Each structure stands twice: as C-alpha cells, then as structure tokens.
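Chemist: Build me a model from this:
(chains A and B)
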Amino acid sequence: MSSASRFTSFLKLIEGPQTLGKGPKFWSGFGVVLLAACAYPFFADSYDVGNNVYFFNWLFMAMGLSLIWGYGGALSFGQTAFFGVAGYAYGVLTINLGDAYGLTLISLVLAVGISALFATILGYFLFFGRISGVFLGIVTLSVTLVLERFMAQTAGPEWAIGKARLNGFNGMGAMPSLTIPWPGGNIVLYPDVTLYYVTLVLLLVCYLGLRILVNSRFGNVIVAIRENPMRAEMLGYDVRKYQLATFVIGSALAGLSGVLYTSWGNYITPASMGMTAASLPIVWVAVGGRSDLTTTLVGTLAVLIVFQSLTIYGSQYALIVMGTLLVITVLIAPRGIVIALLSPFMRRKSKLEGER
Amino acid sequence: MEFLYSLFSFFYQFGDAFAFLVLSACGLAVIFGMMGVINLAHGEFILCGAYVSTSATHMGVPLPIAIALGSLAAGIAGMIVEVVVIRPLYKRPLDTIVATWGISMIVTQGTLIVLGTTMAGSGTPFGSFSVGDYSYSIYRIVLMVMALVTLAALWLMFTKTRFGILARATIQVPHVAEALGVNTNLIYSLTFGLGAALAGLAGGLYAPTMTLVPTMGAAFMVEAFVTVVVGGADIFLGTAPAAVVLGFIKASLTSWQGQLAGQIGMLIAVIIVIRILPRGISGKILKERA
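Modeler: Coordinates of the predicted model:
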C-alpha cells in the first residue's frame, strides 16, 4: 500500500460503525455548524466571545469521559482529578517559568503530560487489579475528593512550589495565560476572539481525531470490551491494556480542559475537584448521550448553556435541575436525550439498533 | 506509665477510627453486598439522620430516641428512593450509581435552600475523662460500643431472623425465592431501607460531634467507600476486618502526621489493596473457603 492510499484509508475512519453521522448530509450539516461557529465572533461583542470560550473549555473533558465511559464502559467519576492536577500543574509551571519564548505552550504540554502520568499510575492499579465497573467509579471519586481536601489545606506559606503559592481553599491565581511566540510581538491568549479561534481549532482537531480513534481497530476493540470483556479476552486482546490506554487518553483530555480553563480564567481552586464539580461532567455526558462523541458534544454544550443561564437567573436551583435531569435521563432515556430525540428519525441506522 | 498512656491514646484513636469506618460504611455495605448497588446518595441518608435527630433533640426528645428517629426517617426515605428510582435499574448497575448521584445532588442543594447553610448542633454529651495528660470524650467511647453493637445486631438479623434468611435467599437466587412465595420486591425495598437506616444511624450518632452543613455527607463518603472497596461484598467477613485494617492505618498516620495524612494513607492503601485483592478481603476469604 502506498503511503498516500494509507493516508486516505486513515482519513476514511472519520466515519464508521462507532460514530453517528455519515455521508454528505451529516458533513454538510457539520460544515454549516462549523461555519456558524467561525462567523459568531463577527456578530458578537468580543468580551462575550471571550467569555463563551468557557463552554468550549469543558468539551474536552466531556469527550474524554465519553471515550472512557461511553465507548469503554468504565465509569470514572474522578475526571475532575485530572482536570485539577493539570490545572495546578500549569499554574505552578507557568508562574515559575514565565510566559516568554512559548514556555506557556511547553507548560501546557507538560501539564497534560503530568495528568496523563497520574492517570497511568492510578489506571494501572485499577485495571490491572481487574476491578469491576462499580468500584472504578468510587475509587476515582475518592481520589478526586481527597485531592480537593489536600489542596484546600495548602493555605500556609510552606505550601509553595518555587515561586508559586498554592493558596489552599482560595485557589491559585495570577498565572500567565497561554502565549504564542510570534514574530513582531507575542500573541497572548486572553479571553478574546483569538483565544476563541485557537480553542475552536483545538476542539475540531480533538473531535475529528477521536472519531478516527474510535473507528480504528483500537476503537472497535474497546467497544468489544465494553460489550463483553470475557469475549474480547478470549479473542486474544489484553483487555487491561486497552482499558488503561482508553483511561489515559480520556484523562489527558480532562487535563487539557484543566489547562485551558486555568489559562482562560488565570485561576484554579480546589473546588474544581470537589463533589459538585465531579458530578457535572457525568450530567453532561449522560444527558447528551455518552455512547457517541457527537451527541456528547451537542448534549454537553446544551446542558452547559442551560446550567449557565439557570445560574444567572436562579443560581441555587441550578444544581437541583441538574440532579433531576440526571435521574430522569437515566430512568427514561438511558442512552441520552439527544439520541432519544433523534431515534425516531433514524430508525434504519444500524448503530442505534445494534447497541445494548 | 508514660508508655501506657500513649498506648491508651493510640487505642482510643484506633477505636475512634474503627467506629467511624464501621458506622459510616455498614449501610453502604448492606446495600452493595445484598443488591450490588453502590448508593452514592449514602451521604445524604447520613445527612437525613443527622438533621432529623438534631431537630428532635432541639425539641426536647432524649438523645437515644432522637437518634432512632433519625435512623427511621432515613430508612423510610430509603424505601421511597428504592421504589421510585432504584427498582427500574436493577439490570443496569452502573446506572444506579448515576441515578443515586442525581438524588444526592438534589438533596444536598435542596437542604441548602430549605434549611440554610448550617444548622445549630446539639453539643457532644457526657463530657470527658482523662488518662495521663490527655482528656478523652466519653461519647467517643459510646460510639465505639455502638459500632460493635451494630455489627452484632446485623449478624443476628441476617442469621437468626426470618427477614434475614429470606433476604439472603432472595439475594442468592431471586427467581427460586420468588417461586417459593417470597415477595422479592418487598425484600429489596426492606434491604435498601435497612441500608439507608444504618446510614441515618451513623448520621444521628455523629451529629452531636460535627458541624451540621448540607454537604456533611461528603465527609463520610471517602471513608465509607474505601472500607467497602477493601472489604468487598460481605459485611462480616469484609467490612469489619477492613475497618480494623484501615482504622489501624488511619490512626497511625493521623497521630503521626494529622488527619489529612490519615485519609490519604487510607486511599493509597485501598488503591494498592485492589491491585492485590480485586474482590476485597471477603472475596479472598470466600474464594479460599470454596
């Protein structure tokens, strides 16, 4: 096979049995949405645009959870642990290294790497101990809760890494934003139109990359493991390695969310790893439809926007609405609201029928 | 003499940690062991027990009765939750986690809205006694005794009473139990209610020693989880020995480095234990016996 045809067959994986949406209809719809997203800053105040990048920041974590939970069948409640670890790592690194020479970008890579390393260590014990789905959830949840409590007590001056004070419960602030070195002046990614486009591109790359990943051989194996771990093992796959790899990729995405969030707000607190924070990704992904990347994206955006507007108009009821939404989704539309709404229109699509 | 004093101090801390682990975990363990459901609203049943018993104390009800009331309220709440939310989900254990988490969010935030950010506590009863240079709370000793009493009562309930035998039969082979005329749905409800009532008991017992806030359930969660994970599905062969081991780890680390170190140490111990004993202590014991 020539390298060119290998490349095209690689690109063809962008649609396949593990993802909803294929053919010209889906991709033209996708193009329209993408164009609308690109055009949005021309019609809105740049301050609002910068603020709305907030929504994009979370989508990476949601897609990572969709990969681990929806595709891999392993319910992790502790994605916020990796979010927080990467966020704090980014803060500590950039405060110490500064923002010159693209060092913030190196910090980004390092911070995501640290969260991936953390996920590898934790995942090794979890998956190589072959613990069942239920225990995985509670151990990951315990990890994130203990991390929150640990960070919350780092208030004293003795809790500092280099120049970076951890600041306990109040959280760490004043780290530089991501900065792209550029001839004729660095581009500092403040919450602004530039950051919006950078995040959008990053999102697009991750989304398409994940589509290729789940339709590749690797993706098919992790779905096979979700459906029946014993069968996958009998067919000769080392279930533990595939699960660990999925967990690390998903957690690295949570870490990416953490870095982007920290750089966006120049701020990270222990509460970002707490009980409430940990429950929200579950709500987004479960409500949207965890078993597909596209429905996860759509659902997460929708829930985030609803949650945000609820917080503005009746902050205290927002969490109650989220909890109710979660319970109702699980009881009535276990595959997610987006899929439940779509399914009457897509009766002939085999993916919907074929799933559990 | 000095040595004996510090030995007593260590045993007191160990007993305290053991009691906390047993009481906070046994409700979770009953529900998980008997039904395979991890109840993430466990902390909220504890909250329910704590709030109800404290309100009752404020109204002049004696403490033991107030605690019983708290436990009863949590038990009834648990049975309602079982019927409405858990029952449709028995075939999907992962979804029960998600659904109970939804309940937990609703209850925590609902309590915050209705009852405010905090509730006046009732104060720790019984005063203290001193051994050597340190003074110890008598109520903590009561809690240790209560932990042992609870374990004994559960053992009697599951081995000697009709409910216990029917419950175990239902858990082992549901359709045979049903064919023999056991109302399995009722058994599931009662078991879930029992687990919730035990959580409420823990809440009621610890309410006098804690600050009452809507998120107080979370303070019990990590301990309860790790105990159940280490213990596995059986209360007597799992939860109790796990509480001994973890209580020892927690007490040593706490007296050495402070409370947080105790918690972190426990969590690390758990992560290592599941690598070696994936089905917990009871899984190991039962496997070797079989």
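Chemist: now the closest residue to residue B:206 other than its chain neighbours: how far from residue B:19?
Modeler: If the residues on either side of it in the chain are set aside, residue B:206 comes closest to residue B:50, at 6.8 Å by Cβ to Cβ, 6 or more residues apart in numbering or on different chains. Yep, even glycine has a C-beta here, placed from its N, CA and C like the rest. Going from residue B:50 to residue B:19 by Cβ to Cβ, to the nearest Å gives 16 Å.
Chemist: Quick one: the helices in the stretch 101-250 of chain A, in order.
Modeler: A:103-128, A:133-152, A:193-215, A:217-227, A:229-234, A:239-265 (DSSP state H, counting those that start in this stretch).
Chemist: And those helices: which comes nearest residue A:83?
Modeler: Comparison of the helices of the stretch 101-250 of chain A against residue A:83 by Cβ to Cβ identifies helix A:239-265 as nearest, at 3.8 Å.
Chemist: Packing partners of that closest one?
Modeler: helix A:46-65, helix A:79-97, helix A:103-128, helix A:193-215, helix A:217-227, helix A:229-234, strand A:267-268 (3 or more Cβ pairs under 8 Å, 6 or more residues apart in numbering or on different chains; DSSP states H and E).
Chemist: Run a quick neighbour tally on residue 229.
Modeler: Chain wasn't specified; assuming chain A. By the criterion of other Cβ atoms under 10 Å in any protein chain shown, residue A:229 has 19 neighbours.
Chemist: Let me rephrase: I mean chain B.
Modeler: Residue B:229 has 27 nearby residues by other Cβ under 10 Å.
Chemist: any idea whether residue B:82 is helix, strand or coil?
Modeler: Three-state assignment for residue B:82 (DSSP: H, G, I helix; E, B strand; the rest coil): helix.
Chemist: rewinding a little: shouldn't the residue nearest to residue B:206 be in contact with residue B:199?
Modeler: No - under the criterion of Cβ atoms under 8 Å, residue B:50 makes no contact with residue B:199, lying 9.9 Å away.
Chemist: Looking at the two, which is more packed in?
Modeler: Per other Cβ under 10 Å, whichever of residue B:50 and residue B:199 has more neighbours is residue B:199, with 38 against 30.
Chemist: any idea how far that one lies from residue B:253?
Modeler: In this view, residue B:199 and residue B:253 are 26 Å apart by Cβ to Cβ.
Chemist: Next up, the contacts around residue A:72.
Modeler: By Cβ atoms under 8 Å, 6 or more residues apart in numbering or on different chains, the contact set of residue A:72 is A:222, A:225, A:226, A:243, A:246, A:247, A:250.
Chemist: Quick one: residues contacting the first one.
Modeler: Residue A:222 is in contact with A:71, A:72, A:214, A:242, A:243, A:246, counting by Cβ under 8 Å, 6+ apart.
Chemist: you'd agree the last one is up against residue A:71?
Modeler: Yes - in this structure, residue A:246 is within contact of residue A:71 by Cβ under 8 Å, at 7.2 Å.
Chemist: Quick one: low-confidence residue ranges for the chain.
Modeler: Picking chain A for this. A:1-2, A:132, A:314-315, A:344-356 (pLDDT under 70).
Chemist: that's the wrong chain, I wanted chain B
Modeler: Within chain B, the ranges that satisfy pLDDT under 70 run B:278, B:287-290.
Chemist: Which helix runs longest in it?
Modeler: helix B:2-35 (DSSP state H).
Chemist: Name the residues of it that are buried.
Modeler: For helix B:2-35, burial by neighbour count (16 or more other Cβ atoms under 10 Å in any protein chain shown) applies to B:9, B:12-35.
Chemist: show me which of these neighbour chain A.
Modeler: By Cβ under 8 Å from any Cβ of the partner chain, the members of the buried residues of helix B:2-35 lying near chain A are residue B:32.
Chemist: Tell me which residue lies nearest the centroid of chain A.
Modeler: residue A:61 (1.3 Å; Cα atoms, centre = their mean).
Chemist: Leaving out sequence neighbours, find the closest residue to that one.
Modeler: residue A:257 (3.8 Å).
Chemist: burial count for the one you found?
Modeler: 28.
Chemist: can I assume it is in contact with residue A:60?
Modeler: Yes - Residue A:257 lies in contact with residue A:60 (Cβ under 8 Å); the separation is 4.3 Å.
Chemist: that older thread, residue B:127: which of the helices and strands packed on helix A:239-265 is closest?
Modeler: Closest among those, using Cβ to Cβ: helix A:79-97, at 41.6 Å.
Chemist: can I get the CA coordinates of that closest one in PDB?
Modeler: Output of helix A:79-97 as PDB, limited to C-alpha atoms (Å, rounded to 0.1, in the frame of the first residue of the first chain):
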ATOM      1  CA  GLN A  79     -12.200  13.100  35.800                       C
ATOM      2  CA  THR A  80     -12.000  16.300  37.700                       C
ATOM      3  CA  ALA A  81      -8.900  14.900  39.500                       C
ATOM      4  CA  PHE A  82      -7.000  15.100  36.200                       C
ATOM      5  CA  PHE A  83      -8.600  18.400  35.400                       C
ATOM      6  CA  GLY A  84      -7.400  19.800  38.700                       C
ATOM      7  CA  VAL A  85      -3.900  18.200  38.600                       C
ATOM      8  CA  ALA A  86      -3.300  19.600  35.100                       C
ATOM      9  CA  GLY A  87      -4.700  23.000  36.100                       C
ATOM     10  CA  TYR A  88      -2.500  23.300  39.100                       C
ATOM     11  CA  ALA A  89       0.500  21.900  37.200                       C
ATOM     12  CA  TYR A  90       0.000  24.600  34.500                       C
ATOM     13  CA  GLY A  91      -0.200  27.200  37.200                       C
ATOM     14  CA  VAL A  92       2.900  26.100  39.000                       C
ATOM     15  CA  LEU A  93       4.900  25.700  35.800                       C
ATOM     16  CA  THR A  94       4.000  29.000  34.200                       C
ATOM     17  CA  ILE A  95       4.400  31.000  37.400                       C
ATOM     18  CA  ASN A  96       7.900  29.600  37.700                       C
ATOM     19  CA  LEU A  97       8.900  29.600  34.100                       C
END
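Chemist: now that helix against helix A:133-152, angle please.
Modeler: 30 degrees (axes from the mean of the first three to the mean of the last three Cα atoms, to 10 degrees).
Chemist: Closest residue of the stretch 151-300 of chain A to chain B?
Modeler: residue A:275 (5.2 Å; Cβ to the nearest Cβ).
Chemist: Report the angle between whichever strand or helix holds residue B:281 and helix B:2-35.
Modeler: For residue B:281, the host element (DSSP states H and E) is helix B:280-289. Counting by the same axes, to 10 degrees, helix B:280-289 lies at 70 degrees to helix B:2-35.
Chemist: Summarise which helices and strands helix B:280-289 is packed against.
Modeler: Using 3+ Cβ pairs under 8 Å, 6+ apart: helix B:280-289 touches helix B:217-231, helix B:240-257.
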